[in-house]
Every structure is written in structure tokens, then in C-alpha cells.
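Asker: based on what follows, work out the 3D shape:
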Amino acid sequence: MYCMISPVRYRSLSFWHDTVPGTLTPGEPLQSDTEADVAIVGAGFTGLWTAYYLAKTAPDLRVVVCEREIAGFGASGRNGGWCSALFPASLNKLERMAGRDAAIAMQRAMQETVDEVGRVATAEGIDCHYAKGGTVMLARTPVQLERARAEIAEAREFGFGEEDLRLLTATEAGERAGATSVLGGTYTPHCAAIHPARLARGLAEAVRGLGVEVYEQTPVREIHPGRVVTASGTVRARYVVRATEGYTPQLPGLERAVAPVYSLMVATEPLPEEAWAQIGLAGRPTFGDLRHLIIYGQRTADGRLAFGGRGAPYHLGSAIRPSFDRVPAVFEALRRTLAELFPVLGDVPVTHCWGGPLGVPRDWCASVGLDQATGLAWAGGYVGDGVSTTNLSGRTLADLITGRDSELVALPWVGHRSPPWEPEPLRWLGLNAGLQAMGFADREENRTGRPSKVAGFMGRFVGG
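Answerer: Here you go, the predicted model:
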């Protein structure tokens, strides 16, 4: 039997959920069989953006969203709050997939999407603390600085200039983020810091206001052409959209579609102005550095530092459990890394620790598509870069479903099919070996001052 979570428990999911205004009481569940034009499975960003643009462009369609918990329960409400132009596959990889022009078009679409999210938030009155301060990626070792230069070189090869991505001197990087050992870095203006749970909950209210039916506490058991089977009834629809991201393996037949990989975060208490004078981040740029084992952070609107990173293990059989959201050793590692980056934070209390799964496809390339023959549509595999990419998914799916021949439906990720992950235990061995390899590569580079061959080898299997 499905066990529902209380509104109080939803508050404890993350700092973002704890500070979202209003109630987290679930909306009404589906009570019986029903019919719709479009049935969407999942009320995270992908499902909500799809519902939003369908309701805006084709208000005559009946759109139903089924959500197992509450809108914004998963990664959409727990992420780092980077509304960025990052796409998990590199420009070089996209060029190999579909050609140079297609790769450039994909990147330009991602850049435009950052502004589109801000536009909709303003239009719908969603106060998601949107602040377009860009992203600064710090180079804190000579090897990281070489990686920064390589990123700039790749951008220039595809015609992206200083206005899109530029190399920072040590002084310029330090002025943006006053971390230790900064040798330089990169800066792009194409990113906004947001409060993700505010955006997710606000979107849910916006789509309800547009006539979309959002059924919460409605776990979906099966997806088939023309129907969505839930615990309390079946939704029959011409189009069925799978918008389940890291939770996709829990659906029958999709166990190897993506791997749920955990990312964990911490948030400090609000910091005094004298601390921010040392840390920087004026204008709220998001930040990280160029190590292999990803870290990411932002200055929140209420003056905290929210900081996260990889490091939690992948669990056998793509298992997802609430206990996996909290790994004390990873939280402690994040706390140490924060203090290493910004010594002024050495004794600052951490008030929130949380995490959750994100979806990783086998080829590290997100995709969106619609099979017209079956009416089955999908989007996902964002590898943690989904805050803005989901908006592009929603607009693209709306165009595919309504038959609009737009520039979006010609982008290279449309119709892309990632291969399935290996069966267990190979999947468990490979993913966790990769995680350990990235940590080893960072330590090796710090010790030798040379690029890690291990990282170079692993790069063949990810988004490069």
C-alpha cells in the first residue's frame, strides 16, 4: 500500500521546501477513471512546464498531471537553483551527433531559455528569487586553469565570443568569488540563481489557474500508449508524457532508461555582511570550480550559502529511498570543502542538509521526443542541468504535441534515444567506479600538477 507523506515531512525535504511560502498540503488525488487529451506523469519542472505551454498555446486541450507526492517533490524542488545554459552533452559531442549548426542552435536555445524562465516567472507573479548574475567557475590549480582555457577555446571554435564565455584573470575571478588559491576562471552571463521550490510550487498554481488538472498523491503504476494506470484510476489520453526523470526506473519496463544518481547539499545560516565582504558573490552569481567531482553553490536571497556536490553512491538496482537523501560523510565533506574555499565559513553553522536523485542517461545526453504512432512522449536525462532545460523540454513537447513546426522541434536532442544502462551488477560497479575515479583524478592532479589520465579515460563515457 502506498504511504503518503505529511505536509510537515515535505518541509524537511530540503532548505528550499522549508522556506517556500504557503502550504505544502497535497492537492486532491485522482478519484476514478478519467479522460484527457494529454496525460502527464510527474509534476516536477518537466511536467509543469509542458502543462504550462500546452495550456497557453492550446487552451482547448484537456491536460491532466498525475504526481505521486506533491508538485516539486523531487529534483525540481531540491536542486542547486542554477537556471543555466548548461547542457549535459558538450558542443563537440552535439556536433558529432548532428553537425556544427545543430550544436550551435542547441546552445543558443539554452541561452534564450534562461531568459524565458525569468520572463514567465515575472508574467505569472512567481517570486522565485530570480537573479541573473551569471556563473563564475574558479580555477584553483594549474590543471584547472588549463581546463578553463580549453573551454574557452571550444567556445571560440563554435563562434561564441566574450559576451558568452570569457577567461578571467586571478584578480577578476577573486573579485567575483573570494575563494582561496584562485588562479583564474571563466565567467558566463547565461545563468540565474533561483529558489527552485518557489518556482515549482508557483508553476503548479499557474497551470491550475490555466485549467490544468494536477492530481497529487496519485502514484502512477504503469504507462501505456493511450493510458496512465494509477493506484486510484486510469487516465485515458491521446498523448502520454513521461516526465519522471530520476524516478523513471521505478516504472515497469523502464528500469534501465536512466540511472538515479544522488547529489547532496548543505545550507548555512544567514551570513553577516562582513562575511559576504570576504566571500563576494555580489549580484548572486552561481559558482563552482573546475575539479572533476562536481561542486556547485549560490548566495541565496536571504543571505545564506547553499552548496552541493556529487559524492553519494549509486545504489544497486537503481534503488531510491528517503534514507539515501542524507549521507553524513558526504555532508561533512561538503562542509570541509566550503571551509577550504571560504575560511570565514569555518565555524558557521549549517542549518539544512538534504539530497535527492537526478537522472543520468547512458550517453550523458538529455533528450525529448514524441512517438506519433503511440502517442508516448518523454523528456529528461538532464544529469543535474535541468532547471532551465526542463523549460525547453516543455516548450518543445507542446510544439510536438500540437504539431507546430518550430525551430525547437529541429534541435539535435529531439528524438534522441540514449542506449539502456547495463544490467546489474554491472551498472552498480560502473557508476560507483566512475564516482571513485573522479575523486581519485582530483587528488592525483593536486599531487602531480598534471592532467589525470584516469579522468581523460572516463571522459569518453560522459558528456564530452
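Asker: which residue is nearest the middle of this structure?
Answerer: Central residue of the chain (Cα atoms, centre = their mean): residue 386, 3.1 Å from the mean position.
Asker: the strands in the stretch 51-200 of the chain, which residues?
Answerer: 63-66, 82-84, 135-139, 166-168, 184-188, 191-193 (DSSP state E, counting those that start in this stretch).
Asker: residue 374: which of those is closest?
Answerer: strand 63-66 (18.0 Å; Cβ to Cβ). (Glycine included, C-beta is placed from N, CA and C.)
Asker: partner strands of that closest one, with direction?
Answerer: Strand pairing for strand 63-66, determined by DSSP bridges: strand 34-41 (parallel), strand 213-215 (parallel).
Asker: now do that strand, average pLDDT.
Answerer: Computed over strand 63-66, the mean pLDDT rounds to 98.
Asker: run through who's touching that strand.
Answerer: Applying Cβ atoms under 8 Å, 6 or more residues apart in numbering, the contact partners of strand 63-66 are 30, 34, 36-43, 47-48, 51, 54-55, 207, 211-215, 218, 220, 228, 230, 235, 237.
Asker: buried only: go through those residues for me.
Answerer: For these, a neighbour count by 16 or more other Cβ atoms under 10 Å gives the buried set as 30, 34, 36, 38-43, 47-48, 51, 54-55, 207, 212-215, 218, 220, 228, 230, 235, 237.
Asker: so what's residue 354 closest to, chain neighbours aside?
Answerer: residue 14 (4.0 Å; Cβ to Cβ, 6 or more residues apart in numbering).
Asker: save the strands paired with strand 63-66 as CSV, and put in mean pLDDT and distance to residue 278 too.
Answerer: Below are the strands paired with strand 63-66 laid out as CSV (pLDDT from 0 to 100; distance: least, Cβ to Cβ, whole Å):
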stretch, mean pLDDT, distance to residue 278
strand 34-41, 98, 46
strand 213-215, 98, 44
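Asker: residue 451: which of those is closest?
Answerer: For residue 451, the closest of the strands paired with strand 63-66 is strand 34-41, at 42.5 Å, according to Cβ to Cβ.
Asker: list the contacts of that closest one.
Answerer: So strand 34-41 is contacted by 47, 50-51, 54, 61-66, 213, 220, 223, 227-228, 233-244, 401 (Cβ under 8 Å, 6+ apart).
Asker: of those residues, grab the buried ones for ChimeraX.
Answerer: Under the burial definition 16+ other Cβ under 10 Å, those of the contacts of strand 34-41 that qualify are selected in ChimeraX by:
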select :47,50,51,54,61,63,64,65,66,213,220,223,227,228,233,234,235,237,239,240,241,242,243,244,401
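Asker: next step: the contacts of strand 34-41 restricted to helices.
Answerer: Of the contacts of strand 34-41, the ones assigned to helices by DSSP state H are 47, 50, 51, 54, 401.
Asker: which one of the residues you listed is nearest to residue 340?
Answerer: Looking across the ones in helices among the contacts of strand 34-41 and measuring by Cβ to Cβ, the closest to residue 340 is residue 47, at 38.3 Å.
Asker: ok, now which ones touch that closest one?
Answerer: 40, 41, 65, 67, 241, 243.
Asker: skipping its backbone neighbours, what lies nearest residue 303 in space?
Answerer: Per Cβ to Cβ, 6+ apart, closest to residue 303 is residue 270, 4.2 Å.
Asker: wait, is that neighbour part of a strand?
Answerer: No: per DSSP: H, G, I helix; E, B strand; the rest coil, residue 270 lies outside any strand segment and is coil.
Asker: ok, residue 349 to residue 110 distance?
Answerer: 36 Å (Cβ to Cβ, to the nearest Å).
Asker: the more surrounded of those two?
Answerer: Between residue 349 and residue 110, counted using other Cβ atoms under 10 Å, residue 110 has the larger neighbour count: 20 against 7.
Asker: give me the number of residues near the closest residue in space to the more buried one that isn't next to it in sequence?
Answerer: Nearest residue to residue 110, sequence neighbours excluded (Cβ to Cβ, 6+ apart): residue 85, at 4.1 Å. Residues near residue 85, counting by other Cβ under 10 Å, number 25.
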